[in-house]
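A.B. asks: Would you be able to build a 3D model of this:
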Amino acid sequence: MAIRVTQNTMYDKMTSQMQKSLAAYMESNEQGSSQKKINRPSDDPAGTYRVLVTRNDISATTQYQSNVDTAKGWLSLADNVLGTQLSNSLTSLKALAEQASTGTYSAENRKQIADQARQIFGEMLNLSNTQYEGNSIFAGQRYDRNAFEEGLALTSADTNWDTAIQAGDYTIQGASSKSMMIQFTSTGTLDGGPQTFRWSNDGGTTWSTGTTAGRTLTANGVTVTMKNDMAVTAADISAGAGSKNGTLVYIRPTAVYQGDDNDPPPTMTVMGGPANLTTSAAGSFGGNVLLRMDNNANLSLTGSTVNYSYSTDSGSTWVAATATTDGSNKLRLLVPSGYVDMDATTVAGNTVNAGTQILVHPDRADLNLEIMKGSYISVNNVGKDIFGGYYEGKPALPGSTNLFDMVGEFISYCENNNQEGCQQTLAKIATVQQNVLTQTARIGGLENRVSTASDVLSFQKLDQQERLSYTEDVDLTELLTKLTRQQLTYQTVLQSSSKIMQMSLASYL
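C.D. replies: Next up is the predicted model:
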């Protein structure tokens with residue numbers, strides 16, 4: 001069947017073909033200009049989705065790499081401080097202790113050694129306050145301040161006094177540039193006093209006298225108050241200032257930790273509960289846990305079901321759980337990574353009412369950085385676990401591993417010509433060095449983990465960039481071939497259309 005083709009039909013058809021060819025040609029030209037296959041979502045909706053997802057992945061990987069670089073800075077600095085600088089300081093201190101322990105050294109020689117030991121103490125204090133980008137690396141999460149400040153502490157060879165000192169059963173106020181000896185000259189108790197004593201801050205060359213006021217004694221502007229009554233024994237003054245001659249106490253330097261810790265137990269807060277309810281918790285808590293009683297629980301009953309819920313996101317979501325009473329007035333409630341114990345022995349009716357909420361708040365000193373998806377690493381340190389010193393009014397570490405206390409004692413022994421004390425210090429240095437080595441090894445392990453993560457992230461980002469390029473970028477060789485073909489197509493359409501439009505029946509009359 002013949003179809004009638006009008007002049008308008010031909011014109012419309014040719015115009016449509018020219019526009020179609022030109023549009024394809026211009027699309028390829030735009031791709032050549034941007035070097036991208038996808039310049040708007042309509043170019044490839046599925047491809048656009050893959051591009052957006054991959055760009056998100058690359059952005060996340062870039063952030064992980066930034067966190068890794070930050071972690072490397074923190075850990076590398078800590079490794080250098082502990083593994084090199086602090087170790088060198090301990091080596092120097094050990095050499096001084098060996099000299100001070102020698103019987104041929106005089107009191108004056110030991111005072112000279114004490115001057116050098118004080119310089120080493122200052123170096124160690126500076127090292128403990130090392131900062132990375134303005135943040136203290138040994139202060140836990142309180143990295144906006146120095147980890148340690150210089151302070152004073154007590155040392156005594158008297159067993160009772162040493163026990164009280166290790167328990168932190170005293171307070172001390174004031175400052176002193178030299179260590180002091182306090183030697184009691186009367187026998188009795190502080191509460192049964194007043195007791196007399198003499199003190200010296202020049203190694204026993206000169207002495208001043210004093211009298212206790214209750215459990216408080218003051219010497220050269222330094223005030224010491226014992227929390228409990230203490231027995232004292234008078235010294236034989238004619239025998240000199242020996243550590244075992246009567247009750248002798250040294251006031252000597254130490255460092256006081258200003259940061260926070262990861263020590264258990266967590267802080268417990270009871271809200272809306274009965275009076276006298278006792279609670280405690282134990283476990284490895286990564287964050288706060290909120291517990292809620294959902295029914296009245298009489299803990300004096302046996303076999304009664306207790307309904308409770310817990311939340312790890314500040315109460316946004318809750319998980320229901322149950323426990324069973326055993327009639328002991330006590331109940332253990334399981335929560336993620338630990339448990340909460342309740343004791344209602346002294347609670348009226350031994351009942352914990354519904355609606356009672358208990359907040360478990362663990363101490364958290366770790367500064368965690370996410371180095372890969374869901375993988376975190378702590379980049380800071382709890383300084384008291386490395387350097388020791390004093391924390392919350394008592395020695396932060398046992399005497400054999402407490403670096404700052406060991407150095408402070410050594411200074412006081414040297415300034416007061418105590419050869420036996422210097423020998424004790426020499427024995428402690430090896431233990432302190434072992435603790436520092438252990439902490440350095442721990443940091444080294446973290447560095448290895450960060451290094452591995454860095455390598456993985458590099459390969460991961462390369463793969464993501466390749467996938468993005470495959471989806472988004474043009475193949476230049478293919479595009480040039482396509483442009484040439486489309487240019488030829490467009491030229492052909494123009495030429496053929498021009499010739500057809502020029503043809504007319506009038507040309508053959």
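A.B. asks: starting at the chain centroid, how far to the helix or strand containing residue 223?
C.D. replies: According to DSSP states H and E, residue 223 maps onto strand 222-226. Put simply, strand 222-226 sits 34 Å off its chain's centre (Cα atoms, centre = their mean, to the nearest Å).
A.B. asks: do the same with stretch 106-122
C.D. replies: How far stretch 106-122 lies from its chain's middle: 35 Å, per Cα atoms, centre = their mean.
A.B. asks: What are the boundaries of the helices in this structure?
C.D. replies: Shown for the chain, the helices assigned by DSSP state H span residues 7-34, 45-80, 87-100, 107-128, 159-166, 384-387, 403-415, 419-472, 476-502.
A.B. asks: Export the ones you listed as CSV, with columns for mean neighbour count, mean pLDDT and distance to residue 324.
C.D. replies: C-beta here means a position set from N, CA and C on the backbone, and glycine is covered the same way. Output for these, formatted as CSV (neighbours: other Cβ atoms under 10 Å; pLDDT from 0 to 100; distance: least, Cβ to Cβ, whole Å):
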stretch, mean neighbour count, mean pLDDT, distance to residue 324
helix 7-34, 14, 69, 69
helix 45-80, 16, 92, 45
helix 87-100, 18, 96, 55
helix 107-128, 18, 97, 50
helix 159-166, 15, 95, 42
helix 384-387, 27, 96, 39
helix 403-415, 28, 97, 48
helix 419-472, 16, 92, 42
helix 476-502, 13, 71, 72
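A.B. asks: and residue 221, which of those helices is closest to it?
C.D. replies: Nearest to residue 221 among those is helix 403-415 (17.2 Å), distances taken as Cβ to Cβ.
A.B. asks: who does the closest one touch, helix- and strand-wise?
C.D. replies: With contacts defined as 3 or more Cβ pairs under 8 Å, 6 or more residues apart in numbering; DSSP states H and E, helix 403-415 has these neighbours: helix 87-100, helix 107-128, strand 148-156, strand 248-257, helix 384-387, helix 419-472.
A.B. asks: Report the residue ranges of every domain in this structure.
C.D. replies: Domain assignment for the chain, taken from the TED database, gives 36-147+368-473, 152-257, 267-362.
A.B. asks: could I get these as TSV with distance to residue 484?
C.D. replies: TSV is the format used below for these (distance: least, Cβ to Cβ, whole Å):
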stretch	distance to residue 484
domain 36-147+368-473	18
domain 152-257	75
domain 267-362	61
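A.B. asks: Tell me which of those sits nearest to residue 496.
C.D. replies: domain 36-147+368-473 (29.3 Å).
A.B. asks: how far out from the middle of the chain is that closest one?
C.D. replies: Relative to its chain's centre, domain 36-147+368-473 lies at 10 Å (Cα atoms, centre = their mean).
A.B. asks: Could you pull up the residues touching the residue nearest in space to the middle of the chain?
C.D. replies: The centroid of the chain falls nearest to residue 366 when counting by Cα atoms, centre = their mean (2.3 Å). Neighbouring residues of residue 366 by Cβ atoms under 8 Å, 6 or more residues apart in numbering: 140, 141, 262, 378, 380.
A.B. asks: Buried members of those into PyMOL, please.
C.D. replies: In PyMOL, a selection of the buried entries from these looks like this (16 or more other Cβ atoms under 10 Å):
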select buried, resi 140+141+378+380
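A.B. asks: can I get the contacts of residue 366 in a markdown table with distance to residue 489?
C.D. replies: As requested, those are exported to a markdown table (distance: Cβ to Cβ, whole Å):
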| residue | distance to residue 489 |
| --- | --- |
| 140 | 71 |
| 141 | 68 |
| 262 | 72 |
| 378 | 64 |
| 380 | 66 |
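A.B. asks: Make TSV from the contacts of residue 366 and add pLDDT to it.
C.D. replies: Putting these into TSV (pLDDT from 0 to 100) gives the following:
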residue	pLDDT
140	91
141	88
262	85
378	92
380	93
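A.B. asks: Which single one of the contacts of residue 366 is nearest to residue 339?
C.D. replies: residue 262 (18.7 Å).
A.B. asks: Contact partners for the closest one?
C.D. replies: Neighbouring residues of residue 262 by Cβ under 8 Å, 6+ apart: 140, 362, 363, 364, 365, 366, 382.
A.B. asks: 7 Å - rerun?
C.D. replies: 363, 364, 365, 366, 382 (Cβ atoms under 7 Å, 6 or more residues apart in numbering).
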